[in-house]
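Engineer: Following is a predicted model, sequence given first.
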2 protein chains.
Amino acid sequence: MTTPRTETSPEELDTTVEGAAAAAPLLAAFAPHDRALLLRTVAEVLDAGADELVPLAMAEAHYPEARCRSELARTTFQLRLFADVLEEGSFLGASVDPADPEWGTPRPDLRRLLLPLGPVAVFGASNFPFAFSTAGGDTASALAAGCPVVVKAHPGHPELARRTADLVAVALAEAGAPDGTFALVEGVDAGRLLVTHPLVRAVGFTGSVSGGRALHDLAVSRPDPIPFYGELGSINPVFVTRAAASARGAEILSGYAESATLGSGQFCTKPGVLLLPEETDLAALTGDVAERGPAPLLNDRVEQGFTATLGTLAEHPATEVLVRGGPGDDGWTPTLLRTDLDSLIQNADVLLEECFGPATLVVTYQDERRLLEAGAVLGGQLTVTVHGEETDLIAPSLLSLGASLAGRVIWNGWPTGVAVTHAMTHGGPYPATTAPTHTSVGTAAITRFLRPVSFQSVPQSLLPRALRDDNPLGVPRRVNGVPEQS
Amino acid sequence: MTTPRTETSPEELDTTVEGAAAAAPLLAAFAPHDRALLLRTVAEVLDAGADELVPLAMAEAHYPEARCRSELARTTFQLRLFADVLEEGSFLGASVDPADPEWGTPRPDLRRLLLPLGPVAVFGASNFPFAFSTAGGDTASALAAGCPVVVKAHPGHPELARRTADLVAVALAEAGAPDGTFALVEGVDAGRLLVTHPLVRAVGFTGSVSGGRALHDLAVSRPDPIPFYGELGSINPVFVTRAAASARGAEILSGYAESATLGSGQFCTKPGVLLLPEETDLAALTGDVAERGPAPLLNDRVEQGFTATLGTLAEHPATEVLVRGGPGDDGWTPTLLRTDLDSLIQNADVLLEECFGPATLVVTYQDERRLLEAGAVLGGQLTVTVHGEETDLIAPSLLSLGASLAGRVIWNGWPTGVAVTHAMTHGGPYPATTAPTHTSVGTAAITRFLRPVSFQSVPQSLLPRALRDDNPLGVPRRVNGVPEQS
């Protein structure tokens, strides 16, 4: 059964965004603890709806049940973690500088905190129908920040998007959130109108480079440009030193096959390129990949993009097909390609295009030192992984290269699996993201939707509570630039 | 004597930016304490050069000596304050999440810190030839972050820019900074090439809406868009409640006249609009403004822009000229205009254009509650000021309106004078800035030039020092999201 596509009309979109804008000051006025309660209620209602939501995700995203259940659990964990952040209070960035006649500039009483930006548009991804979609990380962090959210439903899982949105709306209403705190719109045109709507104050996006760049360009060319937090694309290179390959080559190759084919390679953190010493025996890897069974892709659009990019890669004179995967009744089997470092560097524009789906490229090198030259052709990345030995002379340089290219540098591990923690960065220079100074996963993601406001010489009775001398909310603050002693 | 204009050639620009890019990893590798020493040396050398620099500023910006000396002092104070920030260490945002098998997602050891973005282009302003120019806040915060800086010299003070740049370069070399840490380029074309240069990673800009928007558009339409931190324009409205006008009208009007004409009105925080109850006697204000003597404007370009905008304002049928200022041998005398709230709202597109120079607009209102309607026509602001009484029923609404429009909300004071402190925000929604989540003044300005990088499962010996278990740099860190107990 094909779900009929619904298109939100321009008039409906306008009403929806106006509702979000009307909710904005009310939601902003919620104390952090009260916003935490909203998030916890949403998490509870989604958890309670698992038996309804999971089958929708399975049907629309073609993932197995266990994957859908664990992704939903990750999603509600994430909502609760942001509730913890609200209750802890540091996210407010509260800072108090009392008046000081001895200071190097005239200095009246100044007190700063971070306030919500206003209505946020969220564009989710098809490959994480829970965790990076309707009630995913962008929505959770924007609501936590106190921003009403209008989600543009992903057409890859329309029914799941609608049902998730219904449950989120019910939960928010039940918990006392203002009308308009959350809404869903549908359709490509509605998405464009959302990004250019005068009342929308920021955009969170997870998806392709082409789609993300188009919306980014709309956001920054508005009469009033707004922040566009796009997570677009990444190759996620893995560097294997000669010493590591020698010490545990088989283990590395099997870990790679597992990580690269996980979720049919439909992860933004899929290791797309593995750089190995040329003497490595690839027979076991080839056998491993060849034995992996088929799995369906997310949707026709993903399949079309994958087919086109894979075709270009596989037919390129510089690549060799080690395992030729392909489509069948039960989905796609994975493809394994090979090239060498010189060819990669010379044909970087083609060979380093993200190939979203079950295909990955092994790159063999002769001279280990030349791995560092790959840095010049690799663009911004979400992750760079290094498999090495602690005694490797090249290890510090490879880790530095990783830090210069990516938002996350992994040692002797794999990039798939993005922990939702305080110290996580899911970000990086373009084209990994359009906002290299931010993360879209982890608690620091909340800062994307907050802006600083300073209050100068405002009397106690008129100050926001977080900034009053008696600190009635008990939020952590800095005074004169250093943590306040309580 | 007119200084011949120098234009940096495209080849020179390329060499300069390549030098900055070569310096970037070296400067990034400096421990924060060592970068602090660089900043302190620059401050010392500039202070020592005051008797040479101040006359250049006086000649080129047409400011009196005292103003130039105090601005230079502010500039070197700012450099030293960023040195303090580096020594304190919180700016690194160091965060440690140890591996945790009980966590809600798979959680390996994750450690995050903020790293410099890379070479930064800085475009200073003509109106603060020290504090917002060659060695001003953008330069100080970018160097503090560990980013090499290439300044596009402001053509309004070319000799001062060159001499300041010479001293900065001498100081940096003396203190052991890598070659290429700082450079100056000149010319409009060089500025454009700088913003679009592939090796430049961010831009700091202070100036006009038109100039800033043009460079913003170049930055965000690059093949790889980069952050553009532009501080553009602001009206800085001042709301005076009826009770405040009644209690201390004379004091408010004289403070307004002083603030609005300071520096010939050539401040981005000049109060451009004063909203007053209609019964206020404006005779004293009119007399005060009329008696203020002439002062020269910064340069011909400022004068041309001011003349055009003032002409449009003064000739508008909705405005009345209370004091007609104008040009003379010793510069311009200030102009005072008047309109009413209805006219302001109806003609906002014309009457709320920033008029950079010695002119300001008084807006009279009948119904105090209707002040809140002005919020709908005022765009993003650097500041909103409220003069009120603590018992004013409308005070909380006006302060909330201010917080929704501006980066700084001032109570019973004046927006001119931007303290360089930890809790300052000099920023706001567009067109006040192109980056509403940031400030360009105060210690928080450093975050504009840093990006987060997480290290996953990296062994102690290969971690950045700030993230090692033994914390050899002694930087403040968060562990599991809360401050580490030392």
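Structural biologist: The structure has been received and is ready for your questions. Numbers count the residues shown, from 1 in each chain, chains lettered A, B, ... in the order given.
Engineer: drop to CA atoms for contacts and neighbour counts, all remaining ones
Structural biologist: Noted.
Engineer: Tell me where the model's unsure across chain A.
Structural biologist: Scanning chain A for pLDDT under 70 picks out A:1-5, A:486.
Engineer: domain ranges for it?
Structural biologist: Split into domains by automatic domain parsing, chain A comes to A:10-232+A:435-479, A:237-411.
Engineer: residues near whatever residue of the stretch 151-300 of chain A ends up closest to chain B, how many?
Structural biologist: Using CA to the nearest CA, the point where the stretch 151-300 of chain A gets nearest to chain B is residue A:224, with a distance of 5.7 Å. Using other CA atoms under 10 Å in any protein chain shown, residue A:224 has 18 neighbouring residues.
Engineer: And what about it, helix, strand or coil?
Structural biologist: Three-state call for residue A:224 (DSSP: H, G, I helix; E, B strand; the rest coil): coil.
Engineer: from memory residue A:398 sits against residue A:386, does it?
Structural biologist: Yes: between residue A:398 and residue A:386 there is a contact under CA atoms under 8 Å: 6.9 Å.
Engineer: tell me, what's touching these two both at once?
Structural biologist: residue A:239 (CA atoms under 8 Å, 6 or more residues apart in numbering or on different chains).
Engineer: sorry, back to before: need the contact list for the residue of the stretch 151-300 of chain A closest to chain B.
Structural biologist: Going by CA under 8 Å, 6+ apart, residue A:224 touches B:430-431.
Engineer: residue boundaries of the strands in the stretch 301-450 of chain A?
Structural biologist: A:320-323, A:327-328, A:331-332, A:335-340, A:359-365, A:381-387, A:406-411, A:450-456 (DSSP state E, counting those that start in this stretch).
Engineer: Could I get these in TSV, plus columns for mean neighbour count?
Structural biologist: Converted to TSV, these look like this (neighbours: other CA atoms under 10 Å in any protein chain shown):
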stretch	mean neighbour count
strand A:320-323	18
strand A:327-328	13
strand A:331-332	19
strand A:335-340	21
strand A:359-365	25
strand A:381-387	29
strand A:406-411	29
strand A:450-456	28
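Engineer: Now render those as CSV, adding distance to chain B.
Structural biologist: Formatted as CSV, the strands of the stretch 301-450 of chain A follow (distance: least, CA to the nearest CA, whole Å):
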stretch, distance to chain B
strand A:320-323, 30
strand A:327-328, 31
strand A:331-332, 27
strand A:335-340, 27
strand A:359-365, 22
strand A:381-387, 9
strand A:406-411, 5
strand A:450-456, 4
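Engineer: Compare those strands and give me the one nearest residue B:292.
Structural biologist: Nearest to residue B:292 among the strands of the stretch 301-450 of chain A is strand A:450-456 (27.9 Å), distances taken as CA to CA.
Engineer: if we look at that closest one, which residues are touching it?
Structural biologist: A:108-117, A:145, A:463, B:403, B:406-411, B:423-425, B:428, B:436-439.
Engineer: neighbours around residue A:312, how many?
Structural biologist: A count of nearby residues for residue A:312, using other CA under 10 Å, gives 16.
Engineer: and if you look at residue A:288?
Structural biologist: Neighbours of residue A:288 using other CA under 10 Å come to 15.
Engineer: check contacts around it.
Structural biologist: Residue A:288 neighbours (CA under 8 Å, 6+ apart): A:254, A:257.
Engineer: now swap in residue A:337 and tell me
Structural biologist: Contacts of residue A:337 (CA under 8 Å, 6+ apart): A:314, A:319-323, A:359-362.
Engineer: neighbours around residue A:346, how many?
Structural biologist: Residue A:346 has 12 neighbours, counted by other CA under 10 Å.
Engineer: hang on, the earlier thing: any idea how far the residue of the stretch 151-300 of chain A closest to chain B lies from residue B:169?
Structural biologist: 37 Å (CA to CA, to the nearest Å).
Engineer: How about residue A:160?
Structural biologist: For residue A:160, the distance to residue B:169 - CA to CA - is 59 Å.
Engineer: which of these two has more neighbours?
Structural biologist: Neighbours were counted for residue A:160 and for residue B:169 using other CA under 10 Å; residue A:160 has more, 27 against 21.
Engineer: Chain neighbours aside, what residue packs nearest to that one?
Structural biologist: Nearest residue to residue A:160, sequence neighbours excluded (CA to CA, 6 or more residues apart in numbering or on different chains): residue A:56, at 5.5 Å.
Engineer: Could you do residue A:36 as well?
Structural biologist: That would be residue A:83: by CA to CA, 6+ apart, it lies 4.1 Å from residue A:36.
Engineer: Flag every residue of the stretch 51-200 of chain A that's near chain B.
Structural biologist: A:73-74, A:77, A:95-97, A:104-108, A:110-112 (CA under 8 Å from any CA of the partner chain).
Engineer: if we take those, which one ends up nearest to residue A:260?
Structural biologist: Out of those, the member with the shortest distance to residue A:260 (by CA to CA) is residue A:74, at 21.0 Å.
Engineer: and that closest one, how many neighbours?
Structural biologist: 21.
Engineer: Please, which helix or strand holds it?
Structural biologist: Element membership of residue A:74, judged by DSSP states H and E, is helix A:65-88.
Engineer: in that helix, what counts as buried?
Structural biologist: Across helix A:65-88, burial judged by 16 or more other CA atoms under 10 Å in any protein chain shown covers A:68-69, A:71-88.
Engineer: dump the residue contacts of residue A:381.
Structural biologist: Contact analysis of residue A:381 by CA under 8 Å, 6+ apart lists A:233-236, A:405-407, A:427-432.
Engineer: Please identify the nearest residue in space to it, excluding sequence neighbours.
Structural biologist: Sequence neighbours aside, residue A:406 is the residue nearest to residue A:381 in space, at 4.5 Å (criterion: CA to CA, 6+ apart).
Engineer: hang on, the one you found packs against residue A:385?
Structural biologist: No: Residue A:406 lies out of contact with residue A:385 (CA under 8 Å); the separation is 9.6 Å.
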